[in-house]
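Student: quick check, what structure comes out for this input:
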Amino acid sequence: MNAIQFRTYARHGMIKIPNEYQDFLDKELKVIILATDDTASRKERFFNSVKKHSFQLPDDYQFDRDKMNER
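Tutor: Residues are numbered from 1 along each chain as shown. Sure thing, here's the model as predicted:
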């Protein structure tokens, strides 16, 4: 038996298996779920993700909803 370990979230009853473990999908699986109550760590990961995808806008930036909705 081979074992792998990774962190993920269940969404609507589905668990996403990371791409590097896709070869496990063609086999019978035994699933053991260990739920964590690691709220502080989840918040930290969320804010780190936001920081990675954030950028600075110029000081004179003005959002224009009409221009954004032009087609």
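Student: please confirm that residue 31 is located within a helix.
Tutor: No - counting by DSSP: H, G, I helix; E, B strand; the rest coil, residue 31 is located in no helix; its state is coil.
Student: so residue 41: helix, strand or coil?
Tutor: Going by three-state DSSP: residue 41 is helix.
Student: equivalent analysis for residue 25, please.
Tutor: At residue 25, secondary structure determined by three-state DSSP is helix.
Student: start at 29 instead
Tutor: Okay, residue one is now 29; in that scheme the one you just asked about reads as residue 53.
Student: now do the contacts for it.
Tutor: Residue 53 makes contact with residue 45 under the criterion C-beta atoms under 8 Å, 6 or more residues apart in numbering. Every C-beta, even on glycine, is put in place using the N, C-alpha and C of the backbone.
Student: distance-wise, check it relative to residue 43.
Tutor: Using C-beta to C-beta, to the nearest Å, residue 53 is found at 12 Å from residue 43.
Student: try residue 49
Tutor: Counting by C-beta to C-beta, the separation of residue 49 from residue 43 is 11 Å.
Student: shared neighbours, the two?
Tutor: Joint contacts of residue 49 and residue 43 (C-beta under 8 Å, 6+ apart) do not exist.
Student: report pLDDT for the residue of the chain most remote from its centre.
Tutor: Distance to the chain centre peaks in the chain at residue 88, reaching 32.5 Å (criterion: C-alpha atoms, centre = their mean). For residue 88, the pLDDT comes out at 94.
Student: tell me who's in contact with it.
Tutor: Residues near residue 88 by C-beta under 8 Å, 6+ apart: none.
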